[in-house]
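*Asks:* What follows is a predicted structure for the sequence shown.
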Amino acid sequence: MNPDARRGIGYGLACYFLWGSFPLYFRLLDESGAMEVLFYRIVFTGVVCLALVAARQAWREMGVVLRNRQQVLRLGAAAFLIAANWGVYIYAVNSDQVVEAALGYFLNPLITVALGVLVLRERLRRAQWAAVLIGLVAGIVLTLDYGHVPAIALTLAFSFGTYGLLKKQVGGPDGVSALAGLSTENLVLAPFAIIGLVVLIAGGHGTIGHNPPWQALLLASTGLVTIAPLLLFAAAASRVPLSTMGLLQYLTPVLQFLCGVLVLDEHMPASRWAGFGLVWLALVVLTVDSLQAARRQRADRLAAAGLAAAAVS
């Protein structure tokens, strides 16, 4: 493995480790309600984004994005999806439902596959169908265990999966960069967040002045905490294969699950273990199939290159 690839794996591990430790970070903010934390996260993430745009002199790129009505509409839709994802996740952490939040991110690869079929009309391989069916059985088992549909997990999985789908449509080599996209999303959300904060503070429900200066510093840090793993992710994705990133991504829900069970002492009855076990089985099937497909594609490319070289000679 070359040094650049090793650095990429290091960046990926750091990124997914930070996302995996989010339950411990957001638990520090439990004095503030989920909506207040969400509003401050949007505002301070926007501040950090604009600072990075200024530092990189990326105003022209931002202008190009903002003049493209179709891209703005898609990024606006993506913005509300990620805001819903953030808000539900913060609520889950501060209402002692970290394990169910982790379930949402375990389900995300399966939801992404399902969205590929429903929205992009992609055709699934047999192993992918098997993984989706196992995931459906897991959903039934977990619904029976919880006594209700695991709404937090499904909301997190569908919101993030759909967010990824929209970002894919505006991304690509000639599309919107990660910084320009996130900055545009925050520009869309900022007016709503500012109005929400004004209403909270005017109603006497704001907490930024509590326990000075620590509560204010914690709320202000939400911007850096949001941006840092995204930058690490971008650095990793440019250095290592997508299949490697796909394997590394499971570190996040594993760490979140361990935080919920081992650190925050959430209850896990046997039936819930069975449901999670089925989800993990589905992910194993999906991952093995993805690795085999990537290996076949590499072999096909090498064979095609060999034939082309033979034809030239």
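*Replies:* Thanks, I have the structure now. Everything numeric here is computed off the predicted structure, so don't read it as measured data.
*Asks:* can you give me the helices in the stretch 1-150 of the chain?
*Replies:* 3-20, 22-27, 34-55, 59-67, 69-94, 98-118, 126-146 (DSSP state H, counting those that start in this stretch).
*Asks:* of those, which approaches Ala294 most closely?
*Replies:* Nearest to Ala294 among these is helix 126-146 (13.1 Å), distances taken as Cβ to Cβ. C-beta here means a position set from N, CA and C on the backbone, and glycine is covered the same way.
*Asks:* What residues of the closest one count as buried?
*Replies:* Buried residues in helix 126-146, counted by 16 or more other Cβ atoms under 10 Å: 127-128, 130-132, 134-135, 138-139, 141-142, 145-146.
*Asks:* elements contacting that helix?
*Replies:* Identification of packing neighbours for helix 126-146 by 3 or more Cβ pairs under 8 Å, 6 or more residues apart in numbering; DSSP states H and E yields helix 98-118, helix 270-312.
*Asks:* How far does it sit from its chain's centre?
*Replies:* Taking Cα atoms, centre = their mean, to the nearest Å, one finds helix 126-146 lying 21 Å from the centre of the chain it belongs to.
*Asks:* Put the alpha carbons of it into CSV.
*Replies:* Taking C-alpha atoms only, helix 126-146 is exported to CSV below (Å, rounded to 0.1, in the frame of the first residue of the first chain):
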residue,chain,number,x,y,z
ARG,A,126,-29.4,-12.0,-6.3
ALA,A,127,-27.2,-11.4,-3.2
GLN,A,128,-28.4,-7.8,-3.0
TRP,A,129,-32.1,-9.1,-3.1
ALA,A,130,-31.2,-11.5,-0.4
ALA,A,131,-29.7,-8.7,1.8
VAL,A,132,-32.8,-6.6,1.3
LEU,A,133,-35.1,-9.4,2.2
ILE,A,134,-33.1,-10.2,5.3
GLY,A,135,-33.3,-6.5,6.2
LEU,A,136,-37.1,-6.7,5.9
VAL,A,137,-37.3,-9.7,8.2
ALA,A,138,-35.0,-7.8,10.7
GLY,A,139,-37.4,-4.8,10.5
ILE,A,140,-40.3,-7.1,11.4
VAL,A,141,-38.4,-8.6,14.3
LEU,A,142,-37.4,-5.2,15.7
THR,A,143,-40.9,-3.8,15.3
LEU,A,144,-42.3,-6.7,17.4
ASP,A,145,-39.5,-6.1,19.9
TYR,A,146,-40.1,-2.4,20.3
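*Asks:* How many residues are close by Tyr25?
*Replies:* Tyr25 sits with 14 neighbouring residues when counted by other Cβ atoms under 10 Å.
*Asks:* how close does it get to Gly46?
*Replies:* Taking Cβ to Cβ, to the nearest Å as the measure, Tyr25 falls 19 Å from Gly46.
*Asks:* same thing with Ser221?
*Replies:* 14 Å.
*Asks:* More neighbours: the two, which one.
*Replies:* The neighbour comparison of Ser221 against Gly46 (other Cβ under 10 Å) goes to Gly46, with 22 against 17.
*Asks:* Out of the helices and strands packed on helix 126-146, which gets the lowest mean score?
*Replies:* Across the helices and strands packed on helix 126-146, helix 270-312 has the smallest mean pLDDT, namely a mean of 80.
*Asks:* can you give me the angle that helix makes with helix 126-146?
*Replies:* Orientation check (axes from the mean of the first three to the mean of the last three Cα atoms, to 10 degrees): helix 270-312 against helix 126-146 gives 160 degrees.
*Asks:* returning to what we had before: out of the helices and strands packed on helix 126-146, the one nearest Leu189 is which?
*Replies:* Nearest to Leu189, of all those, is helix 98-118, at 21.0 Å by Cβ to Cβ.
*Asks:* looking just at contacts, which helices and strands does that closest one meet?
*Replies:* helix 69-94, helix 126-146, helix 151-170, helix 251-258, helix 270-312.
*Asks:* What is the first one packed up against?
*Replies:* Okay, so that is helix 69-94. Judged by 3+ Cβ pairs under 8 Å, 6+ apart, the packing partners of helix 69-94 are helix 22-27, helix 34-55, helix 59-67, helix 98-118, helix 151-170, helix 178-202.
*Asks:* hmm, which helix or strand of the chain has the shakiest average pLDDT?
*Replies:* helix 242-248 (a mean of 73; mean pLDDT, DSSP states H and E).
*Asks:* Give me the contacts around it.
*Replies:* 9, 12-13, 16, 109, 236-237, 287, 290-291, 294 (Cβ atoms under 8 Å, 6 or more residues apart in numbering).
*Asks:* just those now: which is nearest Thr252?
*Replies:* Set against Thr252, the nearest of the contacts of helix 242-248 by Cβ to Cβ is Tyr16 (4.7 Å).
*Asks:* Just give me the neighbour total for the closest one.
*Replies:* Residues lying near Tyr16 (other Cβ under 10 Å) number 23.
*Asks:* which residues does the closest residue to it other than its chain neighbours contact?
*Replies:* In this structure, Tyr16 finds its nearest non-sequential neighbour in Leu251, 4.0 Å apart by Cβ to Cβ, 6 or more residues apart in numbering. Contacts for Leu251 (Cβ under 8 Å, 6+ apart) come out as 13, 16-17, 20.
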